[in-house]
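Coordinates for the following, if possible.
(2 chains)
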Amino acid sequence: LAKTTQPISMDSYEGQEVNITCSHNNIATNDYITWYQQFPSQGPRFIIQGYKTKVTNEVASLFIPADRKSSTLSLPRVSLSDTAVYYCLVGARYSGGYNKLIFGAGTRLAVHP
Amino acid sequence: SAVISQKPSRDICQRGTSLTIQCQVDSQVTMMFWYRQQPGQSLTLIATANQGSEATYESGFVIDKFPISRPNLTFSTLTVSNMSPEDSSIYLCSVEDEFLAGVSDEQFFGPGTRLTVL
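Here you go, the predicted model:
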């Protein structure tokens, strides 16, 4: 399983766009990139998943360059409620088996008024 | 998606005792997992709870310390045995099922059980 590297922490202000970059130099051909969000005293919650180029949903965008050795989670116009830990995970997609999640240290995002 | 509940939500236990944590899902799911999250740390997978067979444990975790049951497709238990203060953590269960996740393979997590061992 590919190892991921993220910044330990980030600070932002309400209304700003936040970009969190994750490095995964050893990503395999079959690996997908997935981001989870964890609020204090809660379990992690799936945010977004992608394989290449750009993926967008109602919560975030995920940018993946052609070499797939890194990815960037983009949160538009953050609010105080986006304060959380964000985890980048890399692994093969479910294919009749299961997806064993290996969590790295995550990025602790603090959004200030 | 899936709604997952865990019992108890928190507990304070004495050294040497055991605690059983329950995980209940509101629908049948293929896979159930147990994680540990020590204070201020990331999540570590303990084991995969297999329905009808023995759990599959990750390196560093053994059945004698963390026995797991999975009697059906909606329920699992994790027991933390012969506890020591080092076992103080949040224990989370998660589920994965291709019919719940749709196009992705996301896992759905319970709220966690906060365990303090004195």
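
okay, now residue A:57: neighbour count?
Close neighbours of residue A:57, defined as other Cβ atoms under 10 Å in any protein chain shown, add up to 12. C-beta: built from backbone N, CA, C; applies to glycine.

need the contact list for whichever residue of chain A sits closest to chain B.
For chain A, the residue closest to chain B is residue A:43, as judged by Cβ to the nearest Cβ, at 2.8 Å. By Cβ atoms under 8 Å, 6 or more residues apart in numbering or on different chains, the contact list for residue A:43 reads B:4, B:92, B:94, B:109, B:110, B:111, B:112.

which of the residues you listed come close to chain A?
Near chain A, judged by Cβ under 8 Å from any Cβ of the partner chain, the entries from the contacts of residue A:43 are B:4, B:92, B:94, B:109, B:110, B:111, B:112.

circling back to that earlier point, does the residue of chain A closest to chain B sit in a helix, a strand or a coil?
Classification of residue A:43 by DSSP: H, G, I helix; E, B strand; the rest coil places it in coil.

For chain B, give the residue positioned nearest to chain A.
residue B:109 (2.8 Å).

Next up, phi/psi of the closest residue to that residue other than its chain neighbours, please.
In this structure, residue B:109 finds its nearest non-sequential neighbour in residue A:43, 2.8 Å apart by Cβ to Cβ, 6 or more residues apart in numbering or on different chains. Here is the backbone geometry of residue A:43 (degrees, to the nearest 10): phi -80, psi 160.

residue ranges of the helices in chain A, please?
For chain A, applying DSSP state H gives no helices.
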